[in-house]
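> the amino acid sequence is not available; the structure is as follows:
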């Protein structure tokens, strides 16, 4: 019999209505599951539930919580066949991306899921998301961090939240689904991570000062110049298309040069859900390349932020961080 560890961190899935809106439920989550017949089915793997305290809305999740989830898994990696992390949807893609760097050389599945409607309410999508996640975690087929949501298994560092109110909340526009759950669960074996032949290792992240700046028509770049100091370690710059910025914005290249001189790493990502950044393809992106920015290629912003935290936490020199930002480390980009 396979054994699964379910880690409940908070989020909509375990919430109930309160005076000020949805808030964490007072009933232990293990008791809620025990009261639903599907979760006591003999067809399911055995499972234990670990409940964090305090439970968090995912908008409150930080690097500290990413490390806590990572340690919770790391300390039990030999005790279970797989892990299911129950998490709020708002920052689920950030957490899944971060865990893909924190949990290195995974030989067991870590499936992150949640719901758009609380488990205690009618029409909740939570039950099916948990059940399928448990089956995938016990399958022995997955050796990476994934998000399962609304019938789709997605590589964690390729996922983005697509909708605030649809039950189909997540997708990976730049990468195929790893599996689709219908009557059965159909895995795409050719694109799943292979089981590693080196030992598992956890790498905790440091709370490095990182910023995200989104380019928009009419942006006044000088407003951002005060944050480009030696205290800032990295910036993810969300640009148009393949890495383009407004030609009238002459100050931007000088700010990027200043960031480079200060030792900051500037990573260029696209605002488009699909496609890739290709600095220098258009004249509108050449100033960024000349100023020392690096291409995030087809990484999501969530993955780029998590990867910056990881590489800076490793203590690499600036040029090494720049080099590795453009290389695939755990499936987060296409080289």
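Yep, that arrived. Since the structure is predicted, the reported quantities are computational estimates derived from the model, not experimental observations. Numbers count the residues shown, from 1 in each chain.

> can you report phi and psi for residue 47?
Recorded main-chain torsions at residue 47 are phi -150, psi 150, according to degrees, to the nearest 10.

> sec struct for residue 30, please.
Following DSSP: H, G, I helix; E, B strand; the rest coil, we place residue 30 in the helix state.

> pLDDT at the residue lying closest to it once chain neighbours are set aside, what is it?
Sequence neighbours aside, residue 49 is the residue nearest to residue 30 in space, at 4.0 Å (criterion: Cβ to Cβ, 6 or more residues apart in numbering). For glycine as for every other residue, the C-beta is placed from the backbone atoms N, C-alpha and C. The score at residue 49 is 98. That number is its pLDDT.

> can you check the one 10 residues further on too?
Model confidence at residue 59, expressed as pLDDT, equals 92.

> distance of it relative to residue 48?
With distances defined as Cβ to Cβ, to the nearest Å, the gap from residue 59 to residue 48 amounts to 27 Å.

> of these two, which one has the most company?
Set side by side, residue 59 and residue 48 give different neighbour counts by other Cβ atoms under 10 Å, the larger being at residue 48 (13 against 9).

> the more buried one contacts residue 8, correct?
No - Residue 48 is not in contact with residue 8 according to Cβ atoms under 8 Å; the separation is 11.0 Å.

> poorly predicted segments of the protein, please.
Residue ranges of the chain with pLDDT under 70: 248-250, 284.

> residues in contact with the residue nearest to residue 30?
Residues in contact with residue 49, defined by Cβ atoms under 8 Å, 6 or more residues apart in numbering, are 6, 8, 28, 29, 30, 33.

> can you report phi and psi for it?
Here residue 49 shows phi and psi, under degrees, to the nearest 10, equal to phi -120, psi 130.

> and it, bridged to which residues?
Here residue 49 sits in beta bridges with residue 6, going by DSSP bridges.

> please begin residue numbering at 33 from this point
Happy to do that; since the first residue is 33 now, the last one works out to residue 81.

> any idea how far residue 223 is from the residue lying closest to residue 363 once chain neighbours are set aside?
The shortest distance from residue 363 to any residue that is not its chain neighbour, by Cβ to Cβ, 6+ apart, is 5.5 Å, and that residue is residue 187. In this structure, residue 187 and residue 223 are separated by 8 Å, where distance is defined by Cβ to Cβ.

> what touches both of the two?
Taking Cβ under 8 Å, 6+ apart as the contact rule, residue 187 and residue 223 both touch 207, 210.

> which one of these two is surrounded by more residues?
Shown here are residue 187 and residue 223; by other Cβ under 10 Å, residue 187 has more neighbours (26 against 13).

> for that one, phi and psi?
Residue 187 adopts backbone torsions of phi -60, psi 130, taken as degrees, to the nearest 10.
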